[in-house]
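J.: Sequence first, predicted model second:
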Amino acid sequence: MNKFEENNKKLWNELTDVHIKSYNVEGFKKGKTTLDEIQLKELGDVKGKKLLHLQCHFGLDTLSWAREGAIVTGVDFSEKSIEYANRLKAELYINAKFLCCNIYGLKNHLHGKFDIVYTSQGILCWLKDLQEWAQIIYHFLKPGGLFYIMESHPIARIFDNTKKGKLETLYPYFHNKEPIKWDDDYPDYSDDTYIPKNPSYEWQWTLSDIINSLIKAGLKIEFLHEFDKEFYKAFPDMKRDENGWWYLPDYKNKIPLIFTLLAKKD
Ligand SMILES: C[S@@+](CC[C@H](N)C(=O)[O-])C[C@H]1O[C@@H](n2cnc3c(N)ncnc32)[C@H](O)[C@@H]1O
């Protein structure tokens with residue numbers, strides 16, 4: 001684990017305490033899924049399939065896939081997240097396995113192969129090496145297995161996210177080996193009254209970095225879809241639609257804000 005990952009782990013342990021209050025945990029306990037209609041439709045029937053969830057946070061999406069019938073394993077390097085995920089699964093009697101581990105060390109701690117490797121919503125910026133990430137995904141898939149991701153579109157990360165009005169470019173689109181340090185008074189994405197105490201160190205990856213890492217690892221891309229909405233309030237001008245998606249009224253149908261991708265191991 002390098003010094004940036006150590007710092008990010010501190011941040012995620014801090015944020016878990018915030019998110020267990022700001023995410024809709026009560027709704028989840030009453031049976032509400034945290035998976036949106038796009039993911040449910042695009043990944044399709046998961047009943048009886050072995051699903052590995054990388055960077056699962058405190059497990060709401062993992063446990064939602066379990067409720068859809070998948071046999072789930074969730075992995076995250078935040079001890080607090082995994083501790084809470086284990087508490088939730090016990091309280092709700094949901095069958096799931098959670099593992100506290102850096103995904104880059106996962107091969108030493110997890111054995112077996114999966115029908116699906118899944119990851120979503122706020123994961124790529126924490127990854128220092130995308131080629132190694134893609135190789136890990138390939139390693140854990142059975143032949144014929146599927147990899148699915150829903151993530152913020154890399155283009156959405158180049159704009160100033162503090163200003164209202166016209167979008168202005170501020171951050172580079174292209175990858176840099178050195179991560180960008182965020183240490184400001186910008187509130188947490190899920191609780192706008194909370195200012196994180198720990199800084200974050202984030203890497204930018206382009207769409208071609210993502211696609212090419214998967215191809216180079218041996219996966220076949222089945223589709224790449226782009227959408228003009230986000231799963232969180234990424235810009236101050238965003239409004240929420242009836243399905244909970246955040247969109248920019250002035251940029252509807254103009255710029256992509258998230259993408260989904262499905263890839264297969266032959
Ligand atoms: C935004 S959250 C994941 C989003 C998830 N869909 C959610 O909101 O519940 C990002 C997660 O990645 C985890 N993470 C970051 N880097 C990691 C790494 N190298 N290995 C394992 N987990 C990591 C963090 O601990 C955090 O729980």
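T.: Here it is on my side, so go on.
J.: Show me what from the protein comes close to the ligand.
T.: 5, 8, 12, 55, 57, 60-61, 76-78, 81, 102-104, 120-123, 126 (Cβ under 6 Å from any ligand atom). Glycine gets a C-beta too; all of them are placed from N, C-alpha and C.
J.: Show me the residues you listed that map onto strands.
T.: Members of these lying in strands (criterion: DSSP state E): 76, 120.
J.: Out of the residues of the chain next to the ligand, which end up buried?
T.: Among those, the ones that count as buried by 16 or more other Cβ atoms under 10 Å are 5, 8, 12, 55, 57, 60-61, 76-78, 81, 103-104, 120-121, 123, 126.
J.: ok but L40 is inside a helix, no?
T.: Yes. Assessed with DSSP: H, G, I helix; E, B strand; the rest coil, L40 lies in a helix.
J.: what about the closest residue to F235 other than its chain neighbours, how many neighbours?
T.: Distances taken as Cβ to Cβ, 6 or more residues apart in numbering place N161 nearest to F235, at 5.5 Å, with adjacent residues excluded. By other Cβ atoms under 10 Å, the residues close to N161 number 16.
J.: Mind listing what's buried along the longest helix seen in the chain?
T.: Longest helix of the chain, by residue count under DSSP state H: helix 3-22. Neighbour-count burial for helix 3-22 flags 4-5, 7-9, 11-16, 19-20 (criterion: 16+ other Cβ under 10 Å).
J.: Need the residues that contact stretch 123-132.
T.: Residues from elsewhere that reach stretch 123-132 (Cβ atoms under 8 Å, 6 or more residues apart in numbering): 2, 4-5, 8, 54-55, 103-104, 133, 149, 151, 157, 179, 202-205, 209-210, 213, 216-217.
J.: Just the ones in helices from the residues you listed, please.
T.: 4-5, 8, 133, 209-210, 213, 216-217.
J.: any chance of these in TSV, plus pLDDT?
T.: Output for the ones in helices among the contacts of stretch 123-132, formatted as TSV (pLDDT from 0 to 100):
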residue	pLDDT
F4	96
E5	96
N8	97
W133	98
D209	98
I210	98
S213	98
K216	98
A217	98
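J.: out of those, what pair is the most spread apart?
T.: N8 and K216 (25.2 Å; Cβ to Cβ).
J.: Apart from its chain neighbours, what residue comes closest to G165?
T.: Per Cβ to Cβ, 6+ apart, closest to G165 is D237, 7.1 Å.
J.: What does the pLDDT read for that neighbour?
T.: pLDDT for D237: 95.
J.: Same check on D183?
T.: On the pLDDT scale, D183 gets 89.
J.: Please look at it and P199 and confirm they touch.
T.: Yes. D183 is within contact range of P199, at 3.7 Å (criterion: Cβ atoms under 8 Å).
J.: All good on my end, thank you.
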